[in-house]
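Visitor: I need the structure of the sequence given here:
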Amino acid sequence: MKNALPHLQLNDPPSDVAEVVALLLAFPGGTEASPNLSTDTIVEQLVPLSGEQIRRVIEAVTAQANAGNPSALLSDDPEHGMTERWREELMACRARTWPSPDQAGMLVGPHILILTDGQQGVILGAAGARVLGRSMGGSLMLLCQTIVMAEHAVNAQDLGSLRQQRIESASTTLSEIQPIE
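Guide: Numbers count the residues shown, from 1 in each chain. Model (predicted):
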């Protein structure tokens, strides 16, 4: 399964949460310093952060979004005609979770990036930053966890299958060796 994010190594970690928030608020267009800000660049900045730092990032982006647009709260009901686009975006998402006690989740789609801690969350994309309602934040956190758990299950199943193949091939190979008489 390709949806879980691989563990990325970061050469230049963010100096603080404010730097990450500035990058997120410039997503997807970029900034003067980084005009070609890609999704992978953002992900590389977020992956090494702790769950507590992700929570602070979500709070800061939420505050900025609410300050710039008081109606930035995204309702729990999708706009008419948007359901199919949301479904396609979410089906193409990769996911990353941070464990408790400071759990957080990230969904990275082709056109959006979603951060949630299960109680609050933000959607970042071409339309800017949108604040998630409480129930949507919880639902998207569960989606993050489900994608990551499914990835681990598939990896474990594949690993078990590979082990069995190795055992069977070794058994076959050893049985085909002719003893020296």
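
Visitor: so how far is Glu88 from Ala126?
Guide: Separation of Ala126 from Glu88 (Cβ to Cβ, to the nearest Å): 15 Å. In short, each C-beta sits where N, CA and C put it, glycine included.

Visitor: for the two, indicate the residue with more neighbours.
Guide: The neighbour count for Ala126 versus Glu88, taken as other Cβ atoms under 10 Å, is higher for Glu88 (12 against 9).

Visitor: check that one and give its pLDDT.
Guide: Looking at Glu88, its pLDDT is 83.

Visitor: again, but for Gly29
Guide: Per-residue pLDDT puts Gly29 at 56.

Visitor: equivalent analysis for Asp16, please.
Guide: Per the predicted model, pLDDT is 71 at Asp16.

Visitor: neighbours of it, just the number please.
Guide: Applying other Cβ under 10 Å, we find 11 residues neighbouring Asp16.

Visitor: secondary structure element for Ile114?
Guide: strand 112-116 (DSSP states H and E).

Visitor: following that strand, which helix or strand shows up next?
Guide: Downstream of strand 112-116, the next assigned helix or strand under DSSP H and E is strand 121-125.

Visitor: quick one, helices of the protein?
Guide: Taking DSSP state H, the helices of the chain run over residues 17-26, 39-46, 51-68, 83-91, 134-176.

Visitor: which stretch in those helices has the least confidence?
Guide: Lowest mean pLDDT of the helices of the chain: helix 17-26, a mean of 78.
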